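# sequence and predicted structure below; questions after.
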Amino acid sequence: MSHATVLDAVGLGPSELGEGTLSVTTPIDGSEIALLGEHSADDVEEIITRAATAFEAWRQVPGPRRGELVRLIGEELRTHKEALGALVALECGKILQEGLGEVQEMIDICDFAVGVSRQLYGLTIASERPGHAMRETWHPLGACAIITAFNFPVAPWCWNAALALVCGDPVVWKPSEKTPLTALATQKIVERAMARFGDAPEGLSQVVIGGVEAGKALTASPDVAIVSATGSVRMGRAVGPVVAARFGRCILELGGNNAMVVAPSADLELAVRAIVFSAVGTAGQRCTSLRRLIVHEDIYDELVPRLRSVYAGLPIGDPLADEILVGPLIDAQAHHNMQDALDRARADGGIVHGGERILASEHPDAFYVNPAIVEMPSQTEIVREETFAPILYVMRYRELDEAIAQHNDVPQGLSSCIFSTDVRETEQFLSAVGSDCGIANVNIGPSGAEIGGAFGGEKDTGGGRESGSDAWRGYMRRQTNTVNYSRELPLAQGITFEI
Ligand code: UN1
């Protein structure tokens, strides 16, 4: 598939791609595929104003009707799944299967959100006063800014946007500067759905193209009620306090340092497949990628050689080619970070298998690597950091309590798992004294979560929850109502106050 064919299939023609200052390259060969115009701070202000105006109208549209728009977006995504999936692969370098999977996540969350649009339920509450009714209602909150990262350029937008739209909130999307084309292509899909819908207000779904300054304008604006940001811990530390200072609402999905505990009773066949998918999938550039493997000492010498032999045969190369399982890193900086981490691991006594750059003569401007397995004597500082690259640190354990303590002894708390067929061990791992992550799995890897559950994690991961379960509440304001239908005015707490 040529790069031009991929761009053409999503309707991005040369006239839209050649006029600006933002250079967009493909990590497949490092070549430039677009020069996009960027929004100025004034443009962002206008975009926010349009979103605020759209809110005035959209909040009055009944929830199920808002759901109809999201149903149409899901339909359009089904029609354009192949084209958008290929663009995801071209722009961020993940393999085509994973690009298609990402679009499937968008479709799935649209289906979910359509159901939610008819279930924006509140509570009825027992009042302590006679002749009084209490209830809780949920109302639209306001414009929602969605800041996304290069590695999942479209699905996290949709986890947020599908819910925000059914909840009555307009959306403003600032994609990563590394992957703006997937956002523009998605916006075209949304516009098709809006045209079919008929009377969606102008400005209901907008895209901001730009860098840090554009992001700052969004996070600082009091007219942006919700900021949902996916990215590094560093980014979260910049965004969180700005939104908190104006008492805005923030949903943060930041770094992970996800581990797997492999117990002696584990089904190693399953474990090997899960480890390889989670550690090398998306070239180790998922926030849910497996980064730490904590293996019981009795099976260490069986598991690690098996992994090394699978790693030795991994097909690495053009992510658009059928047989490939590992595409390139996003850019030179990512490669530098990976090599730096491997050097630090070596200095800490780690034994590094793999990790070298490959295909450099064919693609001097692209960064393909052999995924690395690093046998570590202990969980040193570099292991406790998230390096966005395919590095799997492997460590031994003897007692499960010790493995869980080590598992939790990192700043991040996104995803985790245990491989074991011993129910005492698996239940302990999922208990209050087990994994401290937002996601904890048994006999499946830490990545590839379904949309039906709430997605996010604790500690440095930021505490936000997106996607399924009751995450929709993050996009609405809760109102407590007390209605007195009696002819008296009894006060709560038994207070007498005669005038
Ligand atoms: C991310 O890497 O930012 O669970 C999101 C997963 C995907 C989402 C990853 N559903 O791996």
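The structure has been received and is ready for your questions.

# how close does whichever residue of the stretch 51-200 of the chain sits closest to the ligand get to T182?
Among the residues of the stretch 51-200 of the chain, F152 lies nearest to the ligand; the distance is 4.1 Å by C-beta to the nearest ligand atom. The C-beta positions use only the backbone N, C-alpha and C, and glycine is treated the same way. The gap separating F152 from T182 is 10 Å, by C-beta to C-beta, to the nearest Å.

# again with L35
Taking C-beta to C-beta as the measure, L35 falls 16 Å from T182.

# neighbour count: these two, which is higher?
The residue with the greater number of neighbours, taking L35 and T182 and applying other C-beta atoms under 10 Å, is T182; the counts read 29 against 13.

# need the nearest residue in space to that one, chain neighbours excluded.
Nearest residue to T182, sequence neighbours excluded (C-beta to C-beta, 6 or more residues apart in numbering): P153, at 4.1 Å.

# wait, doesn't the one you found sit right on T179?
Yes - counting by C-beta atoms under 8 Å, P153 does reach T179; the two are 3.8 Å apart.

# these two: who's more crowded?
In this view P153 and T179 are compared by other C-beta under 10 Å, and P153 has more residues nearby, 27 against 24.

# what sits against that one?
For P153, the contacting residues are V88, E91, C92, E102, P175, S176, T179, T182, A183, taking C-beta atoms under 8 Å, 6 or more residues apart in numbering as the criterion.

# ok, E82 next?
Residues touching E82, when contacts are defined by C-beta under 8 Å, 6+ apart, comprise A9, L100.

# and it, how far from V88?
Shown here: E82 relative to V88, a distance of 11 Å by C-beta to C-beta.

# what do P153 and T179 both touch?
When C-beta under 8 Å, 6+ apart defines a contact, the residues bordering P153 and T179 alike are E91, C92.

# before we move on, back to that, a markdown table for the contacts of P153, including distance to V383 and secondary structure?
Putting the contacts of P153 into a markdown table (distance: C-beta to C-beta, whole Å; DSSP: H, G, I helix; E, B strand; the rest coil) gives the following:
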| residue | distance to V383 | secondary structure |
| --- | --- | --- |
| V88 | 30 | helix |
| E91 | 31 | helix |
| C92 | 26 | helix |
| E102 | 28 | helix |
| P175 | 31 | coil |
| S176 | 26 | coil |
| T179 | 28 | coil |
| T182 | 32 | helix |
| A183 | 34 | helix |
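
# follow-up on the earlier one: count the neighbours of the residue of the stretch 51-200 of the chain closest to the ligand for me.
For F152, the tally of surrounding residues (other C-beta under 10 Å) stands at 27.

# then T480?
For T480, the tally of surrounding residues (other C-beta under 10 Å) stands at 11.

# give me the pLDDT for it.
For T480, the pLDDT comes out at 98.

# please tell me the pLDDT value assigned to the nearest residue to N370 once chain neighbours are set aside.
By the measure of C-beta to C-beta, 6+ apart, the closest residue to N370 outside its immediate chain neighbours is G354, 4.0 Å from it. Looking at G354, its pLDDT reads 98.

# coming back round to it: got the phi and psi for the residue nearest to T182?
Backbone torsions of P153, given as degrees, to the nearest 10, read phi -70, psi -20.

# contacts for stretch 492-499 next, please.
For stretch 492-499, the surrounding residues in contact (C-beta under 8 Å, 6+ apart) are E128, R129, L491.

# who wins for neighbours among the residues you listed?
Neighbours here are counted as other C-beta under 10 Å. On that basis the top member of the contacts of stretch 492-499 is R129, with 16 neighbours.

# can you map out the strands along the stretch 301-450 of the chain?
Taking DSSP state E, counting those that start in this stretch as the test, the strands found in the stretch 301-450 of the chain are 351-353, 357-358, 368-369, 372-375, 391-397, 412-413, 415-419, 439-442.

# mind checking how far the first one is from the chain centre?
On the basis of C-alpha atoms, centre = their mean, to the nearest Å, the separation between the geometric centre of strand 351-353 and that of its chain is 30 Å.

# same check on stretch 183-196?
The chain centroid and the centroid of stretch 183-196 are separated by 21 Å under C-alpha atoms, centre = their mean.

# can you list the buried residues in that stretch?
A183, L184, A185, T186, Q187, K188, I189, V190, R192, A193, M194 (16 or more other C-beta atoms under 10 Å).

# so of the residues you listed, which ones are in strands?
With strands defined by DSSP state E, no entry of these lies inside them.

# rebuild the residues you listed as TSV, extending it with distance to R396.
Formatted as TSV, the entries for the buried residues of stretch 183-196 read as follows, by distance: C-beta to C-beta, whole Å:
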residue	distance to R396
A183	44
L184	48
A185	46
T186	45
Q187	49
K188	51
I189	48
V190	50
R192	54
A193	52
M194	55
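
# so which of those residues also contact the ligand?
Intersecting the buried residues of stretch 183-196 with the contacts of the ligand gives an empty set (criterion: C-beta under 6 Å from any ligand atom).
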